[in-house]
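*Asks:* Build the 3D model from these lines:
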Amino acid sequence: NNISWHIGNVENLPFENSSFDVYVSLETIEHLRQKTIPTYLSEASRVLRTDGVFIVSTPNRKTREGRINNPYHLSEMYYEQFKEYLEKNFDEICYYSTKGLAIYFGAYPSWADGFVGICKKR
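*Replies:* The predicted structure follows:
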């Protein structure tokens, strides 16, 4: 009874400021053009309450190069790029790496299939 579904644009979310304690956006960022990623992350921060948490994931460009080409991935990035984007909008970030179905604490750019950022709102 406490769940609702909304269709919206991640660059212009249809929610008031400080609406959510948690915002989960898995495997979304790589589908955006690089010029729109800052707006997407700013919107994520905007809709979070103070001490809110944004959970975001993306594939690791390094381990996909030369073997996986997804035409819908407009902005696959290396860990350093992912980190740089997140640090512009969030102060506290914990990074995790994925390999298959396993999740590891910390960033391992040389072998991870993808990265997860657990970000706390400024």
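*Asks:* Which residue ranges of this structure form strands?
*Replies:* In the chain, the strands defined using DSSP state E lie at 20-25, 48-59, 90-99, 102-105, 114-121.
*Asks:* Relative to residue 4, which of those strands is closest?
*Replies:* In terms of Cβ to Cβ, the element of those nearest to residue 4 is strand 20-25, at 12.1 Å. (Glycine included, C-beta is placed from N, CA and C.)
*Asks:* for that closest one, what is the average pLDDT?
*Replies:* What strand 20-25 shows for mean pLDDT is 95.
*Asks:* what's the lowest-mean-pLDDT helix or strand in the chain in contact with?
*Replies:* Here the helix or strand of the chain ranked lowest by mean pLDDT, DSSP states H and E is helix 61-64, holding a mean of 92. Contacts to helix 61-64, defined as Cβ atoms under 8 Å, 6 or more residues apart in numbering, come from residues 76, 77, 78, 79, 81, 109, 110, 111, 112, 113.
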